[in-house]
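Engineer: what shape does this take:
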Amino acid sequence: MTTIILTPYDARRPVQFAAIGAALRTALAPILGGTLRRIDHIGSTAIPGLAAKPVIDIQVSVQDFVPEYADVSVLPTAVEALGLSWLGEWLGDRRTWSLDRRKWMFARRPPYPPGPLGAYDVNLHLRREGCVSQQQALLFRDYLRVDAAARARYEAVKRQLAGREWPTTNDCASATGDCVWALLRAADEWSWRGWRPGASHA
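Structural biologist: Sure thing, here's the model as predicted:
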């Protein structure tokens, strides 16, 4: 069982993200070239004023998970070389990593290996640009940045759930689903006023 710990918003997180994002771009750009579309700070630590788990969430958006000319193992190997571990399903031989997944997930937890990322917990979400979950992550972040009432509503639910014990952190995240979907509906209406994702963060 696990208990979710929320910490107050930390203004250092964007600076910490910037160093990680730069290291990711340096590692991935030679592999992906123009198919590397964006590297963004997402999740609660990217929203000023919002309490969050002390984890930096990063979204890497790509045109294709693996270019046709590339070995399937190259991309995940490059990410793992930065000290992040693969959390998704695979079958032992890297050539069998699924190319049809909507997301590849990596994470970094202590003990932290030496390297360019510093001593921070990291979740890395690698998604195809334009897929629903890739767009939702950016829209949700941007909406909560500008709407204080939505931000307060989300934090209230997070604080209520953080006081309980959960089998995994994913179970706690799933319990926020009703609130998140309600906020996404509101964010969708807000986006009709002309929202577009801003420039890539790294």
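Engineer: could I get the buried residue list for stretch 140-157?
Structural biologist: Within stretch 140-157, the residues scored as buried using 16 or more other Cβ atoms under 10 Å are 140-144, 147, 150-151, 153-155, 157. For every residue, glycine as well, the C-beta is placed using N, CA and C.
Engineer: tell me which two of those residues sit farthest apart.
Structural biologist: The span of the buried residues of stretch 140-157, defined through Cβ to Cβ, is set by 142 and 157 at 19.3 Å.
Engineer: narrow the buried residues of stretch 140-157 to those in helices?
Structural biologist: Counting by DSSP state H, those place 140-144, 150-151, 153-155, 157 in helices.
Engineer: quick one on the thing from earlier: of the buried residues of stretch 140-157, closest to residue 36?
Structural biologist: residue 141 (19.8 Å).
Engineer: touching, that closest one and residue 46? I think so.
Structural biologist: Yes: Residue 141 is within contact range of residue 46, at 5.3 Å (criterion: Cβ atoms under 8 Å).
Engineer: list residues touching both of the two?
Structural biologist: When contacts are counted by Cβ atoms under 8 Å, 6 or more residues apart in numbering, residue 141 and residue 46 have no shared neighbour.
Engineer: same list (the ones in helices among the buried residues of stretch 140-157) but as CSV, adding distance to residue 128 and pLDDT.
Structural biologist: Output for those, formatted as CSV (distance: Cβ to Cβ, whole Å; pLDDT from 0 to 100):
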residue, distance to residue 128, pLDDT
140, 18, 98
141, 18, 98
142, 20, 98
143, 22, 98
144, 23, 98
150, 27, 98
151, 28, 98
153, 30, 97
154, 26, 97
155, 30, 96
157, 29, 95
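Engineer: how about stretch 18-37: buried residues?
Structural biologist: 20-21, 23-25, 27-28, 31-32, 35-37.
Engineer: ok, which pair from these is furthest apart?
Structural biologist: Maximum pairwise distance among the buried residues of stretch 18-37 (Cβ to Cβ): 20.3 Å, between 20 and 35.
Engineer: returning to that earlier point: save the buried residues of stretch 18-37 as JSON lines, and put in distance to residue 61, secondary structure and pLDDT too.
Structural biologist: JSON lines is the format used below for the buried residues of stretch 18-37 (distance: Cβ to Cβ, whole Å; DSSP: H, G, I helix; E, B strand; the rest coil; pLDDT from 0 to 100):
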{"residue": "20", "distance to residue 61": "15", "secondary structure": "helix", "pLDDT": "92"}
{"residue": "21", "distance to residue 61": "12", "secondary structure": "helix", "pLDDT": "94"}
{"residue": "23", "distance to residue 61": "17", "secondary structure": "helix", "pLDDT": "92"}
{"residue": "24", "distance to residue 61": "12", "secondary structure": "helix", "pLDDT": "93"}
{"residue": "25", "distance to residue 61": "12", "secondary structure": "helix", "pLDDT": "95"}
{"residue": "27", "distance to residue 61": "16", "secondary structure": "helix", "pLDDT": "91"}
{"residue": "28", "distance to residue 61": "11", "secondary structure": "helix", "pLDDT": "90"}
{"residue": "31", "distance to residue 61": "15", "secondary structure": "helix", "pLDDT": "83"}
{"residue": "32", "distance to residue 61": "11", "secondary structure": "helix", "pLDDT": "83"}
{"residue": "35", "distance to residue 61": "10", "secondary structure": "helix", "pLDDT": "85"}
{"residue": "36", "distance to residue 61": "8", "secondary structure": "strand", "pLDDT": "91"}
{"residue": "37", "distance to residue 61": "4", "secondary structure": "strand", "pLDDT": "94"}
